[in-house]
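[1] below is the structure, and that's it, no one-letter string:
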């Protein structure tokens, strides 16, 4: 049936479909997102800078201890049986102190050069691997040489405590301190190596 007057027309209710939230485009960032991203980058830069400076300080201290160990042991010649060259353990300690001095000296030079010029002398991956493996190898050699020289020094001290055994003990102590510094530096190097995206 049809009605001709306009008042009785059927009413049709049309619902509008719900509007789905559009995914944010890559260019659309809220100020809070930007601030969090910048803050994260700044924290990362500060952490990396702190690790670089900490590693440099540890290697510098290890260089100092290695040089002291080298000089004390090389000058430990007091005639007769009180000559470091007559004992294999002391020659080993001296050789490792020389190697440690050369390695830490080279690393300190490289790091100072990189910090002062802001240019990398080596590729980051190569530098991270040299740092990690070099620190570990030299630290192992330092503790190995010190532990091989301790027993003979203790035996000599039982017979007579003199300037030769005191100098030997000082050189051994400096090697142990150099080991501790390089072991801590190896931890930092390992952390830096593990956080590299290309490994």
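    Structure received. Remember, predicted model here, so these are calculated numbers, not experimental data. Numbering: from 1, shown residues only.
[2] only C-alpha atoms from now on, for both contacts and neighbour counts.
    Fine.
[3] can you report how many residues neighbour the nearest residue to residue 77 once chain neighbours are set aside?
    Of all residues beyond its chain neighbours, the one nearest residue 77 is residue 83 (4.3 Å), with distances taken as CA to CA, 6 or more residues apart in numbering. For residue 83, the number of neighbouring residues by other CA atoms under 10 Å comes to 16.
[4] correct me, but residue 83 touches residue 73?
    No: using CA atoms under 8 Å, residue 83 makes no contact with residue 73, being 9.6 Å away.
[5] so who does the residue nearest to residue 77 touch?
    76-77, 164 (CA atoms under 8 Å, 6 or more residues apart in numbering).
[6] ok, the residues you listed vs residue 98, which is closest?
    Set against residue 98, the nearest of those by CA to CA is residue 76 (15.1 Å).
[7] name the nearest residue to residue 99, sequence neighbours excluded.
    Using CA to CA, 6+ apart, the nearest residue to residue 99 is residue 138, at 7.7 Å.
[8] now name the helix or strand holding that neighbour.
    helix 124-159 (DSSP states H and E).
[9] ok, residue 48 to residue 143 distance?
    In this view, residue 48 and residue 143 are 29 Å apart by CA to CA, to the nearest Å.
[10] compare the two (neighbour count), which wins?
    Between residue 48 and residue 143, residue 143 has the larger neighbour count (other CA under 10 Å), namely 21 against 13.
[11] enumerate every residue touching that one.
    If you count contacts by CA under 8 Å, 6+ apart, then residue 143 has 175-176, 179 around it.
[12] tell me which helix or strand comes right after the helix ranked longest in the chain.
    In the chain, taking DSSP state H as the definition, the longest helix is helix 31-74. Counting by DSSP H and E, the element after helix 31-74 in chain order, helix or strand, is helix 88-117.
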